[in-house]
Structures are given as structure tokens and as C-alpha cells.
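**Student:** next come a sequence and a model predicted from it.
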Amino acid sequence: ECPLTKMAEAASKPAAKPTLTRSASTGSDTALNGGNLPDNNPLARKLDKILNGHDSLLRASPGRDDVVTALSGLDGLIVDNTKHTRQNLRSQVERRALEANKEFLSAFEQVYQALSTVDSELEAMCQACNTMTAQLAAAKNETAALVDKTSVLSSSREQLSLKRHLLQAFTERYQLTAEEHAVLVGDKPMDFTFFSALRRVQAIHADCKRLLRTSHQKAGVDIMDQMATLQEKAYERLYRWTQNTCRSMTTESVDQTRRLNMAFNALRARPVLFQYSLNELATARRNARVRGFIDALTHGGPGGNPPPIELHSHDPLRYVSDMLAYVHQTLAAEKELIRALLSSKQYADSMGDDVNPTAHDDTKMIAQALDSIVEGICRPLKMRVETVLTTLDRQVLTCYKLACLLSFYGTTAAGLIPTERVSSLGEVLGDLHSTALKIFYDSLQVQANQLLVNVDVAPSDLSPPKGLNSTMATIKSVLEAQATSHGVNPSSDALELDKILSTVLDPALQMCALSASNLGPADMATYMLNCFYKIQTVLTLYDSTDRRLETLESQMETHIATLCREQVAHLATKAGLQPVFVAFQAWESQGQSTTLAQAPGLSLMDLRQALIALDRFIADADFSLLSQATLLQSSRVRSQIQNRAFDAFIGAFTELYESCNATNAGYASQPVIARTPEQVRQLMT
């Protein structure tokens, strides 16, 4: 590099700022920046002068690069540091500047040529634009009338387009398409498109009412007449199709419920046609169900499974139960079918989201249709059940079970056919139930009369007679049948039970009383209590017998009191107090006219003998029951009699004790009776 450049770069860096020092020995300037020139070199002296003169500038602006840049431009000009070179430095710099200017001029000459070319092209473009402007002005003058006419035509086109859209919207809203018209009045199959077109006609007819409130009344009237005519034709076609479809529903399974549902819901707008169609459906289903019932009776199901119902005609209960179950199944299936056909929700689902389901109260119509359908089954059912009932003269339990079965299905049928009057099926089942009950009560009455005719003799062990045992077995079976009959009216069941018990139980008790008429009081009481206990053990197992049980308790109380009296007399006799008790009661019954000591049988000697016998009785501890009381089958009654008799015995002894030990008893020595009643109670217990 040039020494000048190195010196300039060193001078521009603050960390290595060039410094000049003068040699003390020679008195010459020395540059410490790396370029050591001789002290007698003029260039060194001049440079030292320049650097010393600009030392403050370099120190003040250490970051400036002007001097470095200038000196870098001189790089390469000085090859040898000679005098000739230093003299020609200026000329070399000027020569280099001249060459740079020539190069700059040469470059700008090319730019000038390019700009000249652009200028000529712009001139040509300007001339072309002027020509086009003139031509456009001429064309504008020539086409002004055409533009005006085009504007008028465009405005007319917009008006015509608006009218076309209005007419198209009016036609779409108030007119049917050709396909819809063909579906309504043509011979195409009845499908979803027909019902959509029918709803379209109804919507147009309803929208025409708005036209009548505007200035387009004539158009509204004409369209309404047109739609009304189409509606009538469509409803007539729909009614004929529905009628024919219903007539073809002669099998138990139906597979056209969806289209029929749409047809019935569409016919709701014509109540007369709707009712006629429903009646036609009921007639067809009645014929199908009658044939199905006869086939179930005689042929059974497909392939003989299930077997024919009449195969079990030897078993009256199963035979009638199978027939009633078939009728109930038929009734439930037909009700479900009619509900599906009349369901407005299913119709709305079939028609799509644009149709809202409308709630209709079809309960009455469904009940009438069901009544008409099952009416055909009623006659063969009644004939067969009546035939079964005529064979049950003496089968009391079977007859009552059939009555309960008929009552249950009658109540179920009334729930499935909620009509204002009794349905045909309900009437038939009610008549059969009444017939079964009549035969049942007649059989019970015959059985009760036989009890009174053939009165059993009381057994030696005073147990209930065979007639009562058989009667209670019958009553138990009847009560079990009633408990499992699923009755829905407890009050009527209770009344029926009272009637049954009155029919058979009262004669049975009368028979027991007749058979005990020749027995003694204690034997009769024991015998009747055993009979009552037999009845009680049966009635307590079932509900609705509380009233009868209360009656039995009151009747048993009389016989319990009799046995209590007998037991007291038995204890008093064994204790030796019976003569004293009899004499004391006689003295009380005479109004106590004399003192107790003067009463017959109550002298001091009589009392002492009785008390000695009482002590012996207590010492023996023989407090056994009466022999008849030991034959009681009810431990509760036996314990009750024992306790009550013991209390009565202690009560009688207490009265005797208080009267004898009274001051006015008339006895010389007191107390006459040393043992207190409490002591006697404790000793006897």
C-alpha cells in the first residue's frame, strides 16, 4: 500500500493516532506511524507540516473518513517516491479525472440516445392518442342517439324482468305445475307426490282469501273456483282409493299403514268421507277377525302352532281363557292399527318438516271402530262360553273362576273401548259373567240345602263335622280364586264376597247348630267354638272378611261365656266352694233380708268345711280345665277361657271374703275366712 494511505489510516484511528516527534539529536521530524522517511526528504517535511497543522482537526473528528477517502483515491498513482513522480502527481490526478469524465460522458451518451428513442415513441403515441380522441368524438356524435335508445331499452328490459319475476312468483304461488295437476286428476299411483299436491291445492285455496282483500278480487275468485274443483276431484279419487284399499285388508297383517295414514289424515278435511272410510275399514277388519277367530278355534296357527283352541274344550277354564285371550289380543292389535292409521304425528313425519302435527281427539272414533270390529267375534264367543257354562252344574269352583275371568276381561275390554254406552263385547262379557255367577250361586245354594237336609252328628271329640270341612274347603278355593282374579273394584268384590259367605256359610252354621242341639251346654259350646274356629282359620287368610270375622267373634263370645261359667263351677266344685257360692248368690238374690250367718248354707260350720276343702284343693294343685275345654282346637280360646274362669273364681271368692268378714255378717268370731283373695290367687298360680 501507499505510505500516504497508511499514514492517513493511522491518523484517523483514535487508538493509534499518528504522532510526530522531533529527534533531539538531529533536530529533524520523525513520523511514528510506520513510514520512516529520511529527515532531509522534502515530502516528509511537507507532510509533517500538514499533519501538525491539522492535528487539532484529527483529534476533534477521530471518526471522519474524508482524508482517508481522499488519500485512498491517490492509491496507485505513486509507485516510486521520486521527484519526477511528485511533480507529475497533479497532472496524473487531472488526467485521471479527465478519463473519469470521458467515461461519464460516454455513459450519458447512451442514456441520451435511449431517451431520444423514448421521446420519439412518446411523440408517436401522442399523435395516435390525438387521432383516437378525434375519432371517439366523431363516434360519440354519431352514436348519441343509439346510446339514448339503448338506455330506454335497458330500462324497459328491467321493468319487463321485474314483471316476469312477479308473474313467475304469482304463478308458483297460485298455480299448480303440470306434474301436480296430472298427479291429482290422472291415473298415477297414489304416493307421496299426490298428498304433497293436495296440500299445495289447499294452501293455494287458503292464500286466495288474501287476494279477495286486495284489488285482485276477480283473480282470487277464479283461482279459488279452480282450486275447489281440483280439490273435489282429488278427494273423490282419494276416497275411492282408500275405500278399495280398506276392502283389501282382509288379512291379520297389514303392510299399507303409511299410505293409509296419509290418506285418512288428508280426508279429515271431509268428515263425511273420513267416516265412510273408517266404517269401511271396520267392516273389512271385522270380517278378517271373524275368519281368524274361527281358524284359531278349529285349525290353530300356521303349522298347527299354537294348536286349535277347541282342542282344549274338555278343560272349561283353559278353553274359555284361550278364547278370551285371543279376543283381547285381537282388540289390542286392532286398536294399535287404527291408532297408527289415524296418527297425525306419523302423518307429519311422512309429509316432512313443513307440516306440524295437529292434535285430534280420536278416542270416540277409535272406540266405535273397535266396537264394530269385535262385534263379529261376540256371537261365536257367546255361544261357546254359554255351552261351557251349561255343563258346570255342580262344579262350583270352576264356575266361579270362569266368572272372575269374564269379569277381568270385561273390565279390560271396557278400558280398551271407552264408549259412552257399553260396547258389544262388554255387553256380551257382562251377560256371560252374570250367567256364570247365577250358576255359581245356584250350585252353592244346592250345596247349602244338602247340608241342612243331611245334618251330620257331632263327633265324639266335638270337632267340626265333615259337611263344614267340605264347605270351608269350597269357600277357601273361592277366596283364593277371588284373590288372584285381579279385581279393579274392591267394594264390589267385598259385596260379592259377603253374598257368597251369606249363601253358603249361614246354612253351614245353621247345620252346626242343629247337630249340637242334643248336646249339653258345655259340649255344645265346645262344639260350636270348634266350628267357629274352623271358619276363622279360613277367613283370616284373605282380605275383605273383616266384617264376617267380627260377626263370628260376637257369636263365639256367647259360647266362651258358657264355657267360662262351666269352668268356674268346675273349679268351685273341686275346691269345695260350690255349695257356699250357690247359697251366697241365693242370699244376694233375696235382697239380704237376714244376716249372712243366718242364711241357709252359710253358717260358720258350713264355711269352715268349705275352707278346709279349699285348703286341700290348693295343696293338691289340681287346677285342670274342664274336660270339654280340653277338646277346644283353638289354644287362644282355651287360654282365654282358663284365664277368665280363674278371674271369675277369684272374684266370687273375693265377694264372699268381704261379706263374711264384714262387721254386720253376724258371725261370732272374726275373721271367718283367714286366707285373703290375693293369697288364694298366688297359691293357685
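**Tutor:** Looks like it came in fine.

**Student:** next one: residue 89 from residue 311, what distance?
**Tutor:** 146 Å (Cβ to Cβ, to the nearest Å). Backbone N, C-alpha and C define where each C-beta goes, glycine included.

**Student:** before we move on, what about residue 477?
**Tutor:** Taken as Cβ to Cβ, the span from residue 477 to residue 311 is 26 Å.

**Student:** gap between the closest residue to residue 656 other than its chain neighbours and residue 257?
**Tutor:** Spatial nearest neighbour of residue 656, chain neighbours left out: residue 584 (5.5 Å); criterion: Cβ to Cβ, 6 or more residues apart in numbering. Distance, residue 584 to residue 257, using Cβ to Cβ: 95 Å.

**Student:** then residue 130?
**Tutor:** In this view, residue 130 and residue 257 are 87 Å apart by Cβ to Cβ.

**Student:** check residue 162 too.
**Tutor:** According to Cβ to Cβ, residue 162 stands 49 Å off from residue 257.

**Student:** please say which of these two ends up with more neighbours.
**Tutor:** Remark: of residue 162 and residue 257, residue 257 carries more neighbours, 15 against 10, as counted by other Cβ atoms under 10 Å.

**Student:** alpha carbons of stretch 461-474, as PDB, please.
**Tutor:** The C-alpha trace of stretch 461-474 is given here as PDB (Å, rounded to 0.1, in the frame of the first residue of the first chain):
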ATOM      1  CA  ASP A 461    -114.300 -85.300  70.100                       C
ATOM      2  CA  LEU A 462    -116.500 -82.300  69.300                       C
ATOM      3  CA  SER A 463    -114.500 -81.500  66.200                       C
ATOM      4  CA  PRO A 464    -116.200 -79.800  63.200                       C
ATOM      5  CA  PRO A 465    -118.400 -82.100  61.100                       C
ATOM      6  CA  LYS A 466    -117.400 -83.300  57.600                       C
ATOM      7  CA  GLY A 467    -120.000 -81.100  56.000                       C
ATOM      8  CA  LEU A 468    -118.500 -78.000  57.500                       C
ATOM      9  CA  ASN A 469    -115.000 -79.100  56.400                       C
ATOM     10  CA  SER A 470    -116.100 -79.600  52.800                       C
ATOM     11  CA  THR A 471    -117.900 -76.300  52.800                       C
ATOM     12  CA  MET A 472    -114.900 -74.400  54.200                       C
ATOM     13  CA  ALA A 473    -112.700 -76.100  51.600                       C
ATOM     14  CA  THR A 474    -115.000 -74.800  48.900                       C
END
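
**Student:** so how far is the longest helix seen in the chain from its chain's centroid?
**Tutor:** Assignment by DSSP state H gives helix 89-174 as the longest helix of the chain. Taking Cα atoms, centre = their mean, to the nearest Å, one finds the center of helix 89-174 at 79 Å from the center of the full chain.

**Student:** buried residues in the very next helix or strand once past it?
**Tutor:** Scanning forward in sequence from helix 89-174 by DSSP states H and E, the next helix or strand is helix 178-185. Neighbour-count burial for helix 178-185 flags 180, 183-184 (criterion: 16 or more other Cβ atoms under 10 Å).

**Student:** which helix or which strand is home to the most centrally placed residue in the chain?
**Tutor:** In the chain, the C-alpha closest to the average C-alpha coordinate belongs to residue 345, at a distance of 18.3 Å (Cα atoms, centre = their mean). Taking DSSP H and E as the definition, residue 345 sits inside helix 344-351.

**Student:** quick one: mean pLDDT over that helix.
**Tutor:** For helix 344-351, mean pLDDT is 63.

**Student:** summarise which helices and strands the helix or strand following that helix is packed against.
**Tutor:** Sequence order places helix 363-390 as the next helix or strand after helix 344-351, per DSSP H and E. Other elements packing on helix 363-390 under the criterion 3 or more Cβ pairs under 8 Å, 6 or more residues apart in numbering; DSSP states H and E are helix 271-298, helix 316-342, helix 396-416, helix 424-453.

**Student:** which one of the ones you listed lies nearest to residue 507?
**Tutor:** Residue 507 lies closest to helix 424-453 among the helices and strands packed on helix 363-390, at 3.6 Å (Cβ to Cβ).

**Student:** now the element after the one helix or strand residue 525 maps to, going C-ward?
**Tutor:** Element membership for residue 525, per DSSP H and E: helix 521-539. Remark: after helix 521-539, the chain's next helix or strand is helix 546-575, criterion DSSP H and E.

**Student:** run through who's touching the helix or strand that that following helix is followed by.
**Tutor:** Next helix or strand after helix 546-575 toward the C-terminus (DSSP H and E): helix 578-589. Helix 578-589 has contacts (Cβ atoms under 8 Å, 6 or more residues apart in numbering) with 569, 572, 594, 596, 599-602, 606-607, 610, 652, 655-656, 659.

**Student:** then helix 578-589 to CSV, C-alphas only?
**Tutor:** Extracted as CSV, the C-alpha positions of helix 578-589 are listed here (Å, rounded to 0.1, in the frame of the first residue of the first chain):
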residue,chain,number,x,y,z
GLN,A,578,-119.7,-74.6,95.1
PRO,A,579,-122.4,-75.0,97.8
VAL,A,580,-121.2,-71.8,99.6
PHE,A,581,-121.2,-69.9,96.3
VAL,A,582,-124.7,-71.1,95.5
ALA,A,583,-126.0,-70.1,98.9
PHE,A,584,-124.3,-66.7,98.8
GLN,A,585,-125.9,-66.0,95.4
ALA,A,586,-129.3,-67.0,96.8
TRP,A,587,-128.8,-64.7,99.8
GLU,A,588,-127.9,-61.8,97.5
SER,A,589,-130.9,-62.6,95.2
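
**Student:** tell me the first helix or strand C-terminal of it.
**Tutor:** Using DSSP H and E, the helix or strand that follows helix 578-589 towards the C-terminus is helix 604-620.

**Student:** could I get that next one in CSV with only the CA atoms?
**Tutor:** Output of helix 604-620 as CSV, limited to C-alpha atoms (Å, rounded to 0.1, in the frame of the first residue of the first chain):
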residue,chain,number,x,y,z
LEU,A,604,-120.0,-70.8,110.4
MET,A,605,-119.7,-74.6,110.3
ASP,A,606,-120.5,-74.7,106.5
LEU,A,607,-117.9,-72.0,105.8
ARG,A,608,-115.2,-73.9,107.8
GLN,A,609,-115.9,-77.1,106.0
ALA,A,610,-115.7,-75.3,102.7
LEU,A,611,-112.4,-73.6,103.7
ILE,A,612,-110.9,-77.0,104.7
ALA,A,613,-111.8,-78.3,101.3
LEU,A,614,-110.3,-75.2,99.7
ASP,A,615,-107.0,-75.8,101.5
ARG,A,616,-107.0,-79.4,100.4
PHE,A,617,-107.7,-78.3,96.8
ILE,A,618,-104.8,-75.8,96.9
ALA,A,619,-102.5,-78.3,98.4
ASP,A,620,-103.3,-80.9,95.6
